[in-house]
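Asks: quick one, fold the following:
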Amino acid sequence: LSLPIIKPASEHAYAAYGLYNPCVALKVSDEIIANDLVFDENATIYVLTGPNRGGKSVITCALGISQAMFQLGLYVPAKRLEISPVDGIFTHFPTGADDTIDKGRLGEECARLDAIIESVTDESLVLLDESLSSTGAYEASYIAAEVLGGLALIGCRVLFSTHLHELAGMIDEINARTAPEGAKIDTLVAGIEKGKRSFKITRAKPDGKSYARDIAEKYGLSYDSIKKKIENKPGR
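Replies: Modelled structure (predicted):
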C-alpha cells in the first residue's frame, strides 16, 4: 500500500503505477500481477478488451477500489498513485436485477446506462464491465459506441471492460465524431504471452482473432486439432 498523491478535482488526475486488486490479493497465494493505469490528455476513456479470465474485470474493480479507498482516507493498493477526488463512482456491472419482465435484459441494461448518463459530470468515474452482453455483437457495439460518444462529450473518466472487439475497432470513428470538444478514447488490452494469459494490461490495439485462436487451440477446437482427432479415430 502507498500514500496517494492528491491532485485537485479540476485536474481529473488518475495515474497508477503498480496497481492491483486487493480483493484478489487476499484470496490467492500466487504472485500478484500489478499494472499501470494512466488517464491523461490522450485518453480519459478506455475500452479494455482481451481473453476471458484475462484480468479485465479485476483491473476494472481495482480502479474503483483504489478511488474509493483514497476518498475514505486510506492508503491505496499501488506503488504510486496520483489521483483527484471524484464526485461519484458509477458502475454498470452484470446484475441479477428483476427489472426485466417489462424491459427485457437489454432494456434493463440500457435503462441503467441512461440513469448513469443523466447523473455523471466531468468529475465522475464510470466503470462498465461487460455491459450490453445481453444482445448480439452488432447491436451491442452500436449502442456502446453511442454511449461512449456521449460520455466523451461529458468528459468523465471511464473504463469499459468488454468482450466487444468490434467496438475497439470503432474508436477512431468515435473520436472523430466527438472532436474537438469530446474527451479522447483509447484502447487497452489484457495480454496473452506464449498462449497463456499474462494478466498484464497494455495500451495497445486489440487483436480479437488471436484471443479466439488461443482459446480454440487450448480446448482442441482448432481445425488442425479436430482434423488430427478424426484421423486418429479407430477404423480410419
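Asks: right, and the helix or strand after the helix or strand of the chain with the lowest mean pLDDT?
Replies: Here the helix or strand of the chain ranked lowest by mean pLDDT, DSSP states H and E is helix 208-218, holding a mean of 64. For helix 208-218, the following helix or strand on the C-terminal side (DSSP states H and E) is helix 223-231.
Asks: for this structure, which spans come out with low pLDDT?
Replies: The model of the chain has pLDDT under 70 over residues 95-103, 192-198, 207-215, 235-236.
Asks: would you map the strands across it?
Replies: 5-6, 14-19, 35-39, 45-49, 80-83, 89-92, 125-129, 157-161, 185-193, 196-202 (DSSP state E).
Asks: and the second one, how far out from the chain's middle?
Replies: In terms of Cα atoms, centre = their mean, to the nearest Å, the centre of strand 14-19 is found 15 Å from the chain centre.
Asks: for that strand, list the C-alpha coordinates in CSV.
Replies: Output of strand 14-19 as CSV, limited to C-alpha atoms (Å, rounded to 0.1, in the frame of the first residue of the first chain):
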residue,chain,number,x,y,z
TYR,A,14,-5.5,9.3,-12.2
ALA,A,15,-2.1,7.8,-12.7
ALA,A,16,-1.5,4.5,-11.0
TYR,A,17,1.8,2.5,-11.1
GLY,A,18,1.8,-1.0,-9.8
LEU,A,19,-1.9,-1.1,-9.3
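Asks: so for stretch 132-141, what gets flagged as buried?
Replies: Neighbour-count burial for stretch 132-141, with 16 or more other Cβ atoms under 10 Å as criterion, is recorded at L132, S134, T135, A140, S141. (C-beta placed from N, C-alpha, C; glycine too.)
Asks: ditto for stretch 76-86
Replies: Buried-residue list, stretch 76-86, by 16+ other Cβ under 10 Å: V76, P77, A78, L81, E82, I83, S84, V86.
Asks: contacting residues for Q71?
Replies: Q71 makes contacts with P85, V86, as judged by Cβ atoms under 8 Å, 6 or more residues apart in numbering.
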